[in-house]
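Participant: Kindly return the folded structure for what I paste below:
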Amino acid sequence: AAAHRVHLLYADPDTYGGGGSRLAVIDATSETVVAEVALEGFPHVMAADFGRREIYVAGAWSDVTTLDVDTHRAKSRIPLALHPAGIAVDRARRRLFIGHGDDFVAGTPSVATIDLHAGTVSMQPLAVDESDVALGAAWPVVDERSGVVHVQHDDGRLAILRPPWYEPVRGDASTDYVKR
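Facilitator: Just a heads-up that it's a prediction; the model follows:
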């Protein structure tokens, strides 16, 4: 039987000032660390697709690294033009959604959508109007059944992105940006 493993991303106190973080692989049965992987680029958010045996790690160096669950080696690296705040994976559609609040280009919270089949990245600003510019970090969560992405901001607002283009829903107060 396969071991039950837990993956924990943490700042490496010895190298964090230089951009280091680590991924600890923990055997949940024996409660022991069975592997540690050094990572570059201040990675601080991750999501996993254990069916595909992949872990997706995003960090301040503006990229997403795909790690093989079994070997813990990098399989691919996709550059982004953002500082990730949250990450979610849609296993059914093979898409990653990376939210952030500091779009260096537009100054607007955005969600990057990565098509894992094609390796392409598209950016979707979340501001509906000028009052939405300073919403704070974007934290995506995917409903894998419908493909709808819910994005929470630091100020409590919720944005909803619907497939296939993942544009913000507009014009309906019940599904548009919701103020809590």
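Participant: check contacts around the most centrally placed residue in the chain.
Facilitator: Taking Cα atoms, centre = their mean, the centroid of the chain lies closest to I87, which sits 1.5 Å from it. By Cβ atoms under 8 Å, 6 or more residues apart in numbering, I87 lies in contact with 45-47, 56, 58, 64, 96-99, 140. Heads up, the C-betas are built off the backbone N, CA and C, glycines and all.
Participant: again with S62
Facilitator: 41, 79-84.
Participant: 10 Å - rerun?
Facilitator: Contacts for S62 (Cβ atoms under 10 Å, 6 or more residues apart in numbering) come out as 41-42, 78-84, 98, 100, 104, 112.
Participant: gap between it and P43?
Facilitator: 11 Å (Cβ to Cβ, to the nearest Å).
Participant: intersection of neighbour lists for these two?
Facilitator: With Cβ under 10 Å, 6+ apart, S62 and P43 have common neighbours P84.
Participant: thinking again about what came up before, nearest to R52, out of the contacts of S62: which one, please.
Facilitator: I78 (15.4 Å; Cβ to Cβ).
Participant: Distance check, the closest one against S62.
Facilitator: For I78, the distance to S62 - Cβ to Cβ - is 10 Å.
Participant: Repeat that for H100.
Facilitator: Counting by Cβ to Cβ - H100 and S62 are separated by 9 Å.
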